[in-house]
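Student: Could you look at this predicted model? Sequence included:
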Amino acid sequence: MSQPLKGLFIGAGFFSRNHLHAWAEVRGAEITAICDRDPARAEAAAKEFGIGEWHTDAAVLHSGRFDFVDICTTMETHEELVALAVAARVPVIVQKPFAPDIATCLRIEAGARAAGVPVMLHENFRFQKIFRRLREILDAGEIGEVTFGRLNWRNDIDVYTNQPYLLKTERFMIMDVGIHMLDLARFLLGDAHAVSCFNQSVKEGLAGEDAATLMLRHDNRAVSVVDISYATHKTPNTFPQTLGEIEGRLGTVQILDGQVLRIHSPAGLRDEVIAPDQRSWTSAPWTQIQDSVPRTQQHFIDALRAGTAFETSARDSLQTYALAEAAYRSAASGAVVKTADLLKDI
Ligand SMILES: NC(=O)c1ccc[n+]([C@@H]2O[C@H](COP(=O)([O-])OP(=O)(O)OC[C@H]3O[C@@H](n4cnc5c(N)ncnc54)[C@H](O)[C@@H]3O)[C@@H](O)[C@H]2O)c1
């Protein structure tokens, strides 16, 4: 392989450790500098991960020394940081959520497209091993044409200690977790175009919702239900598993606790356990999410090197963010909201 691509990493906060450990595994790329506007964080991360330089100003992107940038900051900073990378003509991988609303997502994507700078969303749930295997089962036709799906994430893990900004996020649960579920729903059932949603704020003192129930109509007429909550106490706590089922004309695949796929097909009934890989830097209960991070970043580098499309390009992800926007508008109005109305200018 030719020289590894050189990357700038921006945002040395809570989730950054997973990215930085993962970058050490990714073939064909290396992080050569780290940036955080908090100098203590930037310096500490550079030291811990053996990165040669650290900065507090992302304008270093203009140095001409970077082949890509990994942006791991919270969503309200993404427009400015992606615009900076686009101006410097540096390809981008940026953490979800892309931006707080569809208008901002559209602006970011249009700017990158006009400049011809590739942008990928770091949407790691579809890169979990269990969902790659489920996609294979669907592609093999084992349950026939997909007609229904249910994706469920309900737990009460304390997200607020590590991510205190979530307490003040007005668009919280659908943007934070729902966006993963909406991407998975598209990955497993195809694009969707209409959403109805009810939101709930169960925990007191939050700026936004911590539970939501969404119903989607997919383009192939399949229906899916996405239900998400950070206010669900139960034992065992299923965090960070996405549970549910996908139904087809010939059978069903259940996604069960313990990373089990239970496949009901004309050939019979079987269970497959699709456990995440353990690494020296992964730890329960986060392993399933952590294991998907190097897979996501490897996809970014492989596609960047090959000049092929990212599965979760900014362009493709507009469909996912339109579903999230539609969910908020439906929750506010009580109406079914169509994504075509939100994406009419693209
Ligand atoms: N995909 C997943 O599974 C997953 C899990 C957790 C968090 N996340 C996402 O990761 C992102 C980061 O979350 P976090 O909890 O690590 O946030 P955080 O607030 O802990 O860290 C963000 C860091 O970015 C820095 N920063 C912000 N703006 C900057 C700028 N303009 N220039 C340089 N540095 C800047 C901050 O100083 C901070 O250190 C969020 O969007 C979150 O939703 C994703």
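Tutor: All right, it came through fine.

Student: packing partners for whichever helix or strand T296 is part of?
Tutor: Element membership of T296, judged by DSSP states H and E, is helix 287-306. Judged by 3 or more Cβ pairs under 8 Å, 6 or more residues apart in numbering; DSSP states H and E, the packing partners of helix 287-306 are strand 5-10, helix 16-23, strand 68-71, strand 119-122, helix 129-139. C-beta here means a position set from N, CA and C on the backbone, and glycine is covered the same way.

Student: Pull out the buried positions in it.
Tutor: 287-301, 303-305 (16 or more other Cβ atoms under 10 Å).

Student: now that helix and strand 5-10, what's the angle there?
Tutor: Counting by axes from the mean of the first three to the mean of the last three Cα atoms, to 10 degrees, helix 287-306 points 130 degrees away from the direction of strand 5-10.

Student: Quick check: next helix or strand after the helix or strand hosting S317?
Tutor: For S317, the host element (DSSP H and E) is helix 314-333. Note on helix 314-333: by DSSP H and E, the next helix or strand toward the C-terminus is strand 337-338.

Student: Which elements pack onto that following strand?
Tutor: Checked by 3+ Cβ pairs under 8 Å, 6+ apart, strand 337-338 has strand 192-200, helix 314-333 packed alongside it.

Student: Quickly list the domain ranges of the chain.
Tutor: Annotated domains of the chain cover 5-124+297-313, 126-281+320-340 [automatic domain parsing].

Student: any chance of those in CSV, plus distance to I346 and mean pLDDT?
Tutor: Listed next are those as CSV, based on distance: least, Cβ to Cβ, whole Å; pLDDT from 0 to 100:
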stretch, distance to I346, mean pLDDT
domain 5-124+297-313, 7, 98
domain 126-281+320-340, 9, 98
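
Student: Now these in a markdown table, please, with extra columns for distance to the ligand.
Tutor: Output for the domains of the chain, formatted as a markdown table (distance: least, Cβ to the nearest ligand atom, whole Å):
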| stretch | distance to the ligand |
| --- | --- |
| domain 5-124+297-313 | 2 |
| domain 126-281+320-340 | 5 |
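
Student: And the helices in the stretch 101-250 of the chain?
Tutor: Remark: helices assigned in the stretch 101-250 of the chain by DSSP state H, counting those that start in this stretch are 102-115, 129-139, 173, 179-189.

Student: As TSV, those with mean neighbour count would be great.
Tutor: Below are the helices of the stretch 101-250 of the chain laid out as TSV (neighbours: other Cβ atoms under 10 Å):
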stretch	mean neighbour count
helix 102-115	18
helix 129-139	16
helix 173	26
helix 179-189	25
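
Student: Would you reformat those as CSV and include distance to A22?
Tutor: Output for these, formatted as CSV (distance: least, Cβ to Cβ, whole Å):
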stretch, distance to A22
helix 102-115, 23
helix 129-139, 15
helix 173, 26
helix 179-189, 17
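
Student: Looking at the helices and strands packed on helix 287-306, spot the one closest to H55.
Tutor: strand 5-10 (8.1 Å; Cβ to Cβ).

Student: Can you list the strands that the closest one pairs with?
Tutor: Partners of strand 5-10 in the sheet, by DSSP bridges, are strand 29-35 (parallel), strand 68-71 (parallel).

Student: Against which helices or strands is the helix or strand that the longest one is followed by packed?
Tutor: Okay, so that is strand 29-35. Downstream of strand 29-35, the first helix or strand assigned by DSSP H and E is helix 39-48. Counting contacts by 3+ Cβ pairs under 8 Å, 6+ apart, helix 39-48 packs against helix 16-23, strand 29-35, strand 53-55.

Student: could you redo these as CSV and give each row mean neighbour count?
Tutor: Formatted as CSV, the helices and strands packed on helix 39-48 follow (neighbours: other Cβ under 10 Å):
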stretch, mean neighbour count
helix 16-23, 21
strand 29-35, 22
strand 53-55, 17
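
Student: how about these, which one is nearest I179?
Tutor: Per Cβ to Cβ, nearest to I179 of these: helix 16-23, 17.3 Å.

Student: between the closest one and strand 29-35, how many degrees?
Tutor: Going by the same axes, to 10 degrees, helix 16-23 makes 150 degrees with strand 29-35.

Student: what's the spatially most central residue of the chain in contact with, if anything?
Tutor: Computing the C-alpha centroid of the chain and ranking residues by Cα atoms, centre = their mean puts E123 first, at 2.6 Å. Contact analysis of E123 by Cβ atoms under 8 Å, 6 or more residues apart in numbering lists 96, 179-180, 183, 296, 312, 317, 320.

Student: just M120 next, same as before
Tutor: 92-94, 299-300, 303, 310, 312-314.
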